[in-house]
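Undergrad: Got a predicted structure plus its sequence, pasted below:
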Amino acid sequence: MTHTYTVTGMTCKGCKTSVEGKLNALKYVVKATVNLEKSEAIIEMSQHISTETMQKALSNKYTISEKKERNVFNPSALKEEEKSDLQQLFPLFLIFAFIIGASVLLNYKPWNTNGFMLDFMGLFYIVFSFFKFLDLKGFPESFKMYDPVAKVVPVYGWVYPFIELVLGLLFLMRIQIPMALIITLIILSITTIGVTKSLISKKTIQCACLGTALKLPMTKATFIENSIMIVMAVIMLLKTYN
């Protein structure tokens, strides 16, 4: 008998190898094959094995559950899936709310639109780089799954958190703003292209925007967050050179 399972928490090839090895070591498992991009494990077994047994074999970093087919005739099931996605993205929305709130407080009296946008971009980079620094080893592997440059030049994934940190400091300290805006346009445009391709291909991969500390699915929210930064960078550049 062969069953398909969803495995969350895998961020790199090392995770894939670890999960595959532990599943294959289980009694009654004939063969276990793990797909990192789909977050999926296909297990051929000679006798049924409970998901609890498989979960115990894995570390707490990974969660395994039996994959269920989408039921297009059951609206309540679809609502549950949508609710689950929103729950997973809650940390992202919360972080955005805090960044917007802090940017407003820094510029509301008197109101300064330019200052708001610069502080928003600065805080965005500082906060998002912080989460990437929590797992510098795991982030590059997740990032290169959808970023075109990181796929070709692996070292770019290692350097990217530092680029974000420097850009954040430049925006907050009002240093070399035009240069920081141009770099923002370049790096986020590249990443957005990769995100768009992943969304179109409907690949099930994790978003590396908040590193690997928070397991976020690659969704339209990732595209939107990059787009907001790109639009702000364009507006600021137009104001700078007009």
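TA: Noted; the coordinates are in hand. Keep in mind it's a predicted model, so treat the numbers as computed, not measured. Numbers count the residues shown, from 1 in each chain.
Undergrad: Make sure residue 6 is indeed in a strand.
TA: Yes: counting by DSSP: H, G, I helix; E, B strand; the rest coil, residue 6 is located in a strand.
Undergrad: wait, doesn't residue 11 sit right on residue 141?
TA: Yes: because the distance of 5.9 Å satisfies C-beta atoms under 8 Å, residue 11 is recorded as touching residue 141. Every residue, glycine included, has its C-beta placed from N, CA and C.
Undergrad: Now do the strands in the protein.
TA: Secondary structure of the chain (DSSP state E): strands located at 2-8, 29-35, 40-45, 63-66, 206-207, 216-217.
Undergrad: most neighbours per residue, which of these?
TA: Sort the strands of the chain by mean neighbour count, taking mean count of other C-beta atoms under 10 Å, and strand 206-207 sits at the top with a mean of 24.
Undergrad: Let me see the mean pLDDT of that one.
TA: In this model, strand 206-207 has a mean pLDDT of 62.
Undergrad: Which one of the strands of the chain lies nearest to residue 92?
TA: Residue 92 lies closest to strand 216-217 among the strands of the chain, at 6.0 Å (C-beta to C-beta).
Undergrad: Show me how the record splits this protein into domains.
TA: Split into domains by automatic domain parsing, the chain comes to 2-66, 78-241.
Undergrad: average pLDDT across the shortest one?
TA: Taken as a whole, domain 2-66 carries a mean pLDDT of 85.
Undergrad: end to end, how far does that domain reach?
TA: 11 Å (C-alpha to C-alpha, to the nearest Å).
Undergrad: contacting residues for the closest residue to residue 61 other than its chain neighbours?
TA: Once flanking residues are discounted, residue 61 sits nearest to residue 9: 4.8 Å by C-beta to C-beta, 6 or more residues apart in numbering. By C-beta atoms under 8 Å, 6 or more residues apart in numbering, the contact list for residue 9 reads 15, 61, 62, 63, 215.
Undergrad: contacting residues for the first one?
TA: What that stands for is residue 15. Contact analysis of residue 15 by C-beta under 8 Å, 6+ apart lists 9, 36, 61, 62.
Undergrad: distance of it from residue 34?
TA: Residue 15 sits 9 Å away from residue 34, taking C-beta to C-beta, to the nearest Å as the criterion.
Undergrad: Next, the buried residues of stretch 130-137.
TA: Residues of stretch 130-137 classed as buried by neighbour count (16 or more other C-beta atoms under 10 Å): 130, 131, 132, 135.
Undergrad: Check stretch 54-70 too.
TA: For stretch 54-70, burial by neighbour count (16+ other C-beta under 10 Å) applies to 54, 57, 58, 62, 64.
Undergrad: So which of these is the closest to residue 190?
TA: residue 62 (30.2 Å).
Undergrad: sorry, back to before: pick the one among the buried residues of stretch 54-70 closest to residue 101.
TA: Using C-beta to C-beta, residue 62 is the member of these that sits closest to residue 101, with 34.5 Å.
Undergrad: ok, now which ones touch the closest one?
TA: Per C-beta under 8 Å, 6+ apart, neighbours of residue 62: 7, 8, 9, 10, 15, 19.
Undergrad: Same list (those) but as JSON lines, adding distance to residue 188.
TA: As requested, the contacts of residue 62 are exported to JSON lines (distance: C-beta to C-beta, whole Å):
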{"residue": "7", "distance to residue 188": "30"}
{"residue": "8", "distance to residue 188": "27"}
{"residue": "9", "distance to residue 188": "27"}
{"residue": "10", "distance to residue 188": "26"}
{"residue": "15", "distance to residue 188": "27"}
{"residue": "19", "distance to residue 188": "32"}
